[in-house]
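> any chance you can model this:
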Amino acid sequence: MNSSDAQGSDSATAAKAAPRPPNWRGFEDAVVGTRFEGFGRTVSDAEITMITALTTGFHQPLHTNAEWVRANTPFSGVILPGPVIIAYAIGLLSATLIYSTVTVAFLGVDKVRAKGPVYGGDTINAAATVVSARPTSNGENGVVELAIEVFKQDGSVVMSFIYTLLLRRTP
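This is a model prediction of the structure:
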């Protein structure tokens, strides 16, 4: 691929992405309804193999044995473990720095729904929408809930969840 191909591809991706809001200065900048996208990431077969080899919880045929998967599931090959998709999504969104500099603590992940597989060669991205924002009882910080959708290069959503953060208030 030459540099003009890469630029064309990046331009096409940028044209589809939602406008990125400015980095938040504090909890008050998390306006309900605000939506933004993270960066894309292509998952490789080698990456799936490494993750399953390095973690004890993913030594299941679904993630390690392509022949078993094809014979026993509707999937066409090994798939990326769901918890890894969540971790990647949070990382892709955090890399935007929109909320990263005002995050005090991670509070939880809720309502996780797996909606489709991620195979080696797929490119995933994540979009976040602020669904609630409220000050804490002591007023020092704010609790923000982000509805996250993880989608593949074809636009299909592969996972959704609610990501809850404690953010500092604007000084």
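
> can you show me the CA trace of stretch 97-105 as PDB?
Output of stretch 97-105 as PDB, limited to C-alpha atoms (Å, rounded to 0.1, in the frame of the first residue of the first chain):
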ATOM      1  CA  LEU A  97      -8.000  11.800  25.900                       C
ATOM      2  CA  ILE A  98     -11.600  13.200  25.900                       C
ATOM      3  CA  TYR A  99     -12.200  12.000  29.500                       C
ATOM      4  CA  SER A 100      -8.800  10.500  30.400                       C
ATOM      5  CA  THR A 101      -7.300  13.600  32.100                       C
ATOM      6  CA  VAL A 102     -10.300  14.100  34.400                       C
ATOM      7  CA  THR A 103     -11.000  10.400  35.400                       C
ATOM      8  CA  VAL A 104     -10.700   9.800  39.100                       C
ATOM      9  CA  ALA A 105     -11.800   6.200  39.200                       C
END
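
> tell me the secondary structure for the most centrally placed residue in the chain?
Geometric centre of the chain, nearest residue: Ala89, 1.5 Å, by Cα atoms, centre = their mean. Here Ala89 is recorded as helix under DSSP: H, G, I helix; E, B strand; the rest coil.

> could I get the contacting residues of it?
The neighbourhood of Ala89, defined by Cβ atoms under 8 Å, 6 or more residues apart in numbering, consists of Gly38, Ile124, Ala126, Ile148, Val150, Met159, Phe161. For glycine as for every other residue, the C-beta is placed from the backbone atoms N, C-alpha and C.

> hmm, which of those residues is lowest in pLDDT?
Within the contacts of Ala89, pLDDT reaches its minimum at Gly38, with 91.

> if we can go back for a sec, top of the contacts of Ala89 by number of neighbours, please.
Scoring these on neighbours with other Cβ atoms under 10 Å, the highest-scoring entry is Ala126 at 29 neighbours.
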